[in-house]
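In: any chance you can model this:
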Amino acid sequence: MIERRLRMSRIAPPDATVYWLSRRTRNDVFLLYGFSDRGVPTSELRKSVVERSARIPDLSVRLRPTPGDLDYPRWIPCEFQAEQFLEHPATRWSEVLDTLAELLDTGVEATVRPWRIHVFRGITEAPRRTDPDEPTTVVALQISHALVDGKRSSAIARTLFAPGDGDRSDGQHETDAWSRWYSVTDATVGLLRYPFRVAQTVVRGVGAFRAQRALAKATAAGSVPEPGPGFPPTILNRAETPEVSGHLIRTIVLDTQALRVEGRTITVLVLTAVSMALAEYLDSRGESVDRLGAQVPVAVPLTSARNGYRSTGVDLHIDEPDLSRRADRIAADLTARRTRAAHPLLGAQDRVTAVTPARTLRNDIDRHILDTPDSITGHTVVSSVDRGPADLEFGGPVLFTGGFPAIGSVMRLTHGVYGLGDTVTVCVHADPGVLPDLDGYVDMLRAALERVRGIAPGGVG
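Out: Next up is the predicted model:
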């Protein structure tokens, strides 16, 4: 019954935010994996997914909305549906990338099922093949962002593909009749709680204002790092319409040793490479810039929300010609952003959001303007996740991993950095409306990654 109560939980406001935003822009989490294709029948792979997912609580729920959004939706138990396992026809790696780009323009419906798995069998020319003649099974796990963030989704994938059995759930599932009854009850409770929620929001809002003043004083005194600087948008952040015009993706799969420099993290090395490639690309488009920044998600202590991160702005210091010193400055900036993001005073606004009435938050999201502002936290996204050892299996041993951070009205070029065992994959996701020649940019990024291998050792970032 503990498991049942867990999976009947009301969604947290930060998770509701990304859920309601998914109605306006695509923001599903995509996890990419490549496995050696040893000829295991697809029916057996499907059976493995069905059985294993039933033992993973996060893969055995769906959202139940509340009428009129008078209260936050709830996660309720559900069973696997056949439509959640999709096999796609493809034979070459390039065809897989093209299909995945199309899938990035789709979204799961979390109120039906918040995840699905895409499978490609017998793929040739995929990265990291141990035998040139051995095909690859490519898997993409698509999950609602309301259910997971980057770290949580990686943990789910590890449980889904790890050898051996996971813990079994209690197997209890709610009937549609009970679901409708609870839905009406939630709406009634939400309506009754509304005035109390408003009062709590006001009280905590006063507390947040005081915390904001205290944070400003602490920042001025130097005890808390300053917030990241704002940046003027470039051609990569401006488009004719707020809507994304399409999706292009590419991957660069490397040995971890290829990005190993003493005293420097892989995240800092990739940020340094992005600083070089981005400046070079913009210059080739006739837009030379003096400053560039990256929006970097950093983990924060988890509350009841499933999304435990803040987006921070990191200066890429392209004004520093010496790459070793540039990497030092990027590392220092990243450390400062992480320190500030974890400061308790910064969580005061989160406590306001935690008691904001659902209907109020939904209205705010629906009215949110998607146009590009005059100042942005960064020109691109660089998200980094370590997915652990390469001990996963799905009809064969795992070869590599990847992912594609969502693009949107402002961030139309994103980078994902994913470690698995002795491999690191740098994935690039772009809107062709602002970056039509993605292969040219990826060539610049690949060359920049080669260059950062030669920088001097430094302090840990």
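In: how about low-confidence regions in the stretch 251-400 of the chain?
Out: 302-303, 343, 345-355 (pLDDT under 70).
In: strands along that one, start to end?
Out: 293-299, 309-315, 380-386, 398-403 (DSSP state E, counting those that start in this stretch).
In: tell me the most buried of these?
Out: strand 398-403 (a mean of 26; mean count of other Cβ atoms under 10 Å). (C-beta placed from N, C-alpha, C; glycine too.)
In: mind listing what that one pairs with, with the direction of each?
Out: Counting by DSSP bridges, the strands paired with strand 398-403 are strand 29-36 (antiparallel).
In: so how far is the partner strand off the chain centroid?
Out: Offset of strand 29-36 from its chain centre (Cα atoms, centre = their mean, to the nearest Å): 14 Å.
In: give the rounded mean pLDDT of it.
Out: When pLDDT is averaged along strand 29-36, the result is 98.
In: what is the burial count for the residue nearest to Arg326 when sequence neighbours are not counted?
Out: Nearest residue to Arg326 in three dimensions, chain neighbours excluded: Glu320, at 4.2 Å (Cβ to Cβ, 6 or more residues apart in numbering). Look at Glu320: counted by other Cβ atoms under 10 Å, it has 16 neighbours.
In: got phi/psi on Glu320?
Out: phi -90, psi 110 (degrees, to the nearest 10).
In: go ahead and confirm it touches Arg329.
Out: Yes. Using Cβ atoms under 8 Å, Glu320 is in contact with Arg329, at 6.0 Å.
In: and the residue nearest to Arg326, how close does it get to Leu445?
Out: 19 Å (Cβ to Cβ, to the nearest Å).
In: what about Arg64, how many residues close to it?
Out: As a measure of burial, Arg64 has 20 neighbours, counting by other Cβ under 10 Å.
In: got it, and Glu44?
Out: 10.
In: next: Thr256.
Out: Thr256: 13 neighbours (other Cβ under 10 Å).
In: repeat for Leu103
Out: 21.
In: with Ala277 instead?
Out: 23.
In: wait, isn't it in contact with Tyr441?
Out: Yes. Using Cβ under 8 Å, Ala277 is in contact with Tyr441, at 6.5 Å.
In: Val385 reaches Ser154, doesn't it?
Out: Yes. Applying Cβ under 8 Å as the test, Val385 and Ser154 come out as touching, 5.6 Å apart.
In: the domain parsing of the chain - what is it?
Out: Here the domain parsing of the chain from automatic domain parsing is 2-186, 195-387+408-452.
In: what's the closest of those to Val398?
Out: domain 2-186 (5.4 Å; Cβ to Cβ).
In: ranges for the helices of the stretch 151-300 of the chain?
Out: 176-221, 266-284 (DSSP state H, counting those that start in this stretch).
In: Leu141: what secondary structure?
Out: Assigned with DSSP: H, G, I helix; E, B strand; the rest coil, Leu141 falls in the strand class.
In: how about the closest residue to it other than its chain neighbours, what does it touch?
Out: Nearest non-adjacent residue to Leu141, counting by Cβ to Cβ, 6+ apart: Leu31, 4.4 Å away. Applying Cβ atoms under 8 Å, 6 or more residues apart in numbering to Leu31 gives the contacts 140-141, 143, 153-154, 157, 401-403.
In: turn those residues into TSV, including pLDDT and distance to Leu392.
Out: TSV is the format used below for those (pLDDT from 0 to 100; distance: Cβ to Cβ, whole Å):
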residue	pLDDT	distance to Leu392
Ala140	99	14
Leu141	99	12
Ile143	98	17
Ser153	96	14
Ser154	96	11
Ala157	98	8
Thr401	98	8
Gly402	98	13
Gly403	98	15
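In: apart from its chain neighbours, what residue comes closest to Thr111?
Out: Leu63 (4.8 Å).
In: same deal with Gln295?
Out: According to Cβ to Cβ, 6+ apart, the nearest residue to Gln295 is Gly378 (3.6 Å).
In: in contact with Ala110, which residues?
Out: 19, 22, 62-63, 144, 146-147.
In: hmm, 7 Å instead?
Out: Ala110 is in contact with 19, 62-63, 144, 146-147, counting by Cβ atoms under 7 Å, 6 or more residues apart in numbering.
In: in helices, which of these appear?
Out: Among the contacts of Ala110, the ones falling in helices (DSSP state H) are Tyr19.
In: among the contacts of Ala110, which pair sits farthest apart?
Out: Maximum distance among those (Cβ to Cβ): 11.7 Å, for Tyr19 and Arg62.
In: Val108: how many residues sit nearby?
Out: With other Cβ under 10 Å as criterion, Val108 counts 21.
In: thought it was touching Ser144?
Out: Yes. Val108 lies in contact with Ser144 (Cβ atoms under 7 Å); the separation is 5.2 Å.
In: need the overlap of contacts for those two.
Out: Common neighbours of Val108 and Ser144 (Cβ under 7 Å, 6+ apart) are 28, 114-115.
In: so which of those residues belong to strands?
Out: Trp115 (DSSP state E).
In: identify, from the shared contacts of Val108 and Ser144, the entry nearest to Gln81.
Out: Scanning these for proximity to Gln81, where the rule is Cβ to Cβ, the winner is Trp115, at 10.6 Å.
In: identify the residues contacting the closest one.
Out: Contacts of Trp115 by Cβ under 7 Å, 6+ apart are 59, 84, 108, 141-144.
In: ok, now Leu259?
Out: Per Cβ under 7 Å, 6+ apart, neighbours of Leu259: 266, 269, 424, 449, 453.
In: try it again with 8 Å
Out: With Cβ under 8 Å, 6+ apart, Leu259 has these contacts: 266, 269-270, 424, 449, 452-453.
In: again, but for Phe161
Out: Residues in contact with Phe161, defined by Cβ under 8 Å, 6+ apart, are 33, 392-394, 398.
In: try Ile376
Out: Ile376 touches 230-233, 237, 293, 295, 410, counting by Cβ under 8 Å, 6+ apart.
In: pick out the most distant pair among those.
Out: Pro232 and Gln295 (14.5 Å).
In: so what's the residue count around Thr339?
Out: Burial of Thr339 is recorded as 12 neighbouring residues (other Cβ under 10 Å).
In: that one contacts Gly228, doesn't it?
Out: No. Thr339 is beyond contact range of Gly228, at 11.9 Å (criterion: Cβ under 8 Å).
In: got phi/psi on Cys427?
Out: Torsion angles, degrees, to the nearest 10, at Cys427: phi -110, psi 140.
In: any idea how far it is from Arg64?
Out: Taking Cβ to Cβ, one finds Cys427 at 33 Å from Arg64.
In: and Gly313, by the same measure?
Out: Gly313 is 36 Å from Arg64, by Cβ to Cβ.
In: again, but for Asp322
Out: 56 Å.
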